[in-house]
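K.L.:
dropping a prediction and its sequence here:
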Amino acid sequence: MSWARQAQAGFTPSVRNVPRIMGLVLLALLPGALARIAFLGADVAWLLLLAVPVALGLEASMLKLRGRPLRPFLGDLSAPLSAVLLTLLLPPLTPWWMLMLGLFVAIVLAKQAFGGLGENPFNPAMAGYATLLICFPSNFDAWVANNPWASGSPAWVAGLYALGGLFLIGKKIIAWQTPLAMLAAATLTALALQLGGAPATSFDLHGWSLATLMLAAFFIVTDPVTGCMSPRGRVLFGAGAGLLTVLLTRFGATADGLPFAVLSMNIAAPWIDRHTRPMRRQQELQP
């Protein structure tokens, strides 16, 4: 969603506020990230420490190529946030070069190639994650099949992600409709599949699926740039993302349907906003 479309929807972000918003989101992610490191080991910390400077380097290089100043764009913290989100979705033993490829797609192709933050139609972290899932499916299949989570640890990580999300809702950084709709739709769809006799290998509400779902609900689908701005639009966006995540994970060809669900809803977001905007607001926008 471009800044122009956000302004039409009644939401005009200030560039000066972006570092504060991104900083609070990173702060909210910190407890869940630390818990993931505690449960899965130092490999997660290594990937995070590698991802952030690489993302900043890619951002700076693209800003130079586009003839844009490094300030304030390099300091808006959007590149580190995309890097952290992508890394938290990857298996802890992901090779460093694979992470580099995902970051290249996220920062260079999905963000800067479209004009930078505010002009990108797709969530950068999801674009990078989807690319890695398609190109290196065995890396993720092995992670799912030989999951190293200790008993109960995914629930702790998921709970801390949710706690961070509630912090953001309390600070009015994100709206409550999108995460609630995604969680409700994913839960109902997963339960329906289980009642319908879906095999145990399908999407479930424990293990890695639970932690991923909480991360997505509070930190990914709530992205104001690539999501919906109207209250009803947020509900539809979140519900669609939750429904598609479960169905694509269950019936799709990759280990995780999340990025494809989110990217699909990114495409639909302008149409959803156009048809869920209050009638009075639509009339005001008529030429």
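P.N.:
Perfect, I can see it now.
K.L.:
what are the boundaries of the helices in this structure?
P.N.:
Using DSSP state H, the helices of the chain run over residues 3-8, 18-40, 42-65, 78-89, 96-103, 124-135, 137-145, 153-170, 177-195, 208-219, 231-251, 258-276, 279-285.
K.L.:
for the residue most central in space within the chain, give me its contacts.
P.N.:
For the chain, Ile220 is the residue whose C-alpha lies nearest the centre (CA atoms, centre = their mean; 2.6 Å). Neighbouring residues of Ile220 by CB atoms under 8 Å, 6 or more residues apart in numbering: Leu85, Asn123, Ala125, Met126, Leu258, Val262. (Glycine included, C-beta is placed from N, CA and C.)
K.L.:
shouldn't the fourth one be in contact with Leu258?
P.N.:
Yes: with the criterion set as CB atoms under 8 Å, Met126 and Leu258 qualify as a contacting pair; they are 7.5 Å apart.
K.L.:
look up the pLDDT of Ser209 for me, please.
P.N.:
We have a pLDDT of 81 for Ser209.
K.L.:
can you put the helices of the chain in JSON lines and add mean neighbour count and distance to Gly116?
P.N.:
Converted to JSON lines, the helices of the chain look like this (neighbours: other CB atoms under 10 Å; distance: least, CB to CB, whole Å):
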{"stretch": "helix 3-8", "mean neighbour count": "15", "distance to Gly116": "10"}
{"stretch": "helix 18-40", "mean neighbour count": "18", "distance to Gly116": "11"}
{"stretch": "helix 42-65", "mean neighbour count": "17", "distance to Gly116": "8"}
{"stretch": "helix 78-89", "mean neighbour count": "26", "distance to Gly116": "9"}
{"stretch": "helix 96-103", "mean neighbour count": "18", "distance to Gly116": "16"}
{"stretch": "helix 124-135", "mean neighbour count": "24", "distance to Gly116": "11"}
{"stretch": "helix 137-145", "mean neighbour count": "14", "distance to Gly116": "29"}
{"stretch": "helix 153-170", "mean neighbour count": "19", "distance to Gly116": "23"}
{"stretch": "helix 177-195", "mean neighbour count": "20", "distance to Gly116": "23"}
{"stretch": "helix 208-219", "mean neighbour count": "24", "distance to Gly116": "20"}
{"stretch": "helix 231-251", "mean neighbour count": "23", "distance to Gly116": "23"}
{"stretch": "helix 258-276", "mean neighbour count": "20", "distance to Gly116": "16"}
{"stretch": "helix 279-285", "mean neighbour count": "10", "distance to Gly116": "25"}
